[in-house]
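With the input below, show me the fold.
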Amino acid sequence: VWCPMSPEFYREYVAIKTKKRILLYTMNPNKFRACQFLIRFHERRNDKIIVFADNVFALKEYAIRLNK
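Sure, this is the predicted structure:
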């Protein structure tokens, strides 16, 4: 899901020139909220859910923060 970054988050993203930049765009708070919404929406419908991510660390953090 493509999600815009908040201005504060984007400033930090642009300022970093290392591999941390990849981590920042995968941990974008707007992207996290969109993922959280979609998971909850489909859970209420009793759908099976698979979350794909480009970054295993981000996927693990999402699972921890969402208690999954």
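
C-alpha from now on. contacts and neighbour counts both.
Noted.

What number of residues are in the vicinity of Phe37?
Taking other C-alpha atoms under 10 Å as the criterion, the count of residues near Phe37 is 12.

what pLDDT does it get?
Note on Phe37: pLDDT of 96.

Please report the distance of it from Arg45.
The gap separating Phe37 from Arg45 is 13 Å, by C-alpha to C-alpha, to the nearest Å.

With Ser6 instead?
From Ser6 to Arg45 the distance is 30 Å (C-alpha to C-alpha).

Who has more neighbours out of these two?
Counted by other C-alpha under 10 Å, Ser6 and Arg45 do not tie: Ser6 has more neighbours, with 11 against 8.

Run through the residues that contact the closest residue to that one other than its chain neighbours.
Nearest residue to Ser6, sequence neighbours excluded (C-alpha to C-alpha, 6 or more residues apart in numbering): Asn30, at 7.5 Å. Asn30 sits next to 3-6 when contact means C-alpha atoms under 8 Å, 6 or more residues apart in numbering.
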